[in-house]
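Chemist: I'd like to go over a predicted model; first the sequence, then the structure.
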Amino acid sequence: MEYLTIALTKGRLAYRTLDLLEKVGITCEEMKDKNSRKLIFANEDLGVRFFLAKANDVPTYVEYGAADIGICGKDTIMEEGRKLYEVIDLGFGKCRMCVCGPESARELLRHHELIRVATKYPNIAKDYFYNKKHQTVEIIKLNGSIELAPLVGLSEVIVDIVETGSTLRENGLAVLEEICELSARVIINQVSMKRENQRITKLIRNLKTVLLEEKA
Ligand code: PRP
């Protein structure tokens, strides 16, 4: 039996995902050791192996078939625009993609001014401003602490993830527009979906059942 390879997003999402997989009988004790530097883990009995990757890389591993299955946020899927199947909304890791800034930037947005938008998600920002709002903006790519940009005058607004809203509040910023809701999703390689159809559809079915039971 060939391994079914699952790519998980490093960090909080990975632990939530491992809990869920455990409920459908897919376990990996080795992976729970937070101090381990190992990159790939296997459950030989089940013929399943797991690896941890940075969020942005999960769709890449899945598109190329280095992983049959991936679990990552909807933000990453949208930003990467890879060819893959998105099959389940896991309902955790919930947050929103928003345009944020100081209250004073609301007017600039309303009047379609040529503003600067700092973000870790240039494709999502481009799609939102160019295709949905038909507003020309300058997009500035950053890699983290995006909220800093309007505070130091790098940009008028940001496009970023808002979870609790506390980072915004503590820095005198607010949500100005909501782009979309986000949560963790299961993605599947298109060839694996055919080649490993039975194993993958069974896993999808089991995951959906557990999620429904949890909701009830
Ligand atoms: C994310 C996001 C916001 C923050 C939102 O950053 O980019 O900064 O969390 O969460 P909150 O609404 O609960 O305050 P993350 O911590 O992932 O790090 P980053 O700044 O490096 O992107």
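Modeler: Now that the structure is in, tell me what you want to look at. Numbering: from 1, shown residues only.
Chemist: Against residue 13, how distant is residue 20?
Modeler: 11 Å (Cβ to Cβ, to the nearest Å). For every residue, glycine as well, the C-beta is placed using N, CA and C.
Chemist: got it, and residue 92?
Modeler: With Cβ to Cβ as the criterion, residue 92 and residue 13 are 8 Å apart.
Chemist: who has more neighbours, the two?
Modeler: residue 13 (20 against 15; other Cβ atoms under 10 Å).
Chemist: is it true that the more buried one lies in a helix?
Modeler: Yes. Counting by DSSP: H, G, I helix; E, B strand; the rest coil, residue 13 falls inside a helix.
Chemist: Contact residues of this protein facing the ligand?
Modeler: Contact residues, the chain versus the ligand (Cβ under 6 Å from any ligand atom): 120, 144-147, 160-167.
Chemist: Which of those residues ranks first by neighbour count?
Modeler: Neighbour counts for these peak at residue 160, which has 28 neighbours (criterion: other Cβ under 10 Å).
Chemist: Looks to me like residue 21 is in a helix.
Modeler: Yes. Per three-state DSSP, residue 21 lies within a helix segment.
Chemist: And it, what's its pLDDT?
Modeler: Looking at residue 21, its pLDDT is 95.
Chemist: Which residue, neighbours along the chain excluded, lies closest to it?
Modeler: The shortest distance from residue 21 to any non-neighbouring residue, by Cβ to Cβ, 6 or more residues apart in numbering, is to residue 27 (7.3 Å).
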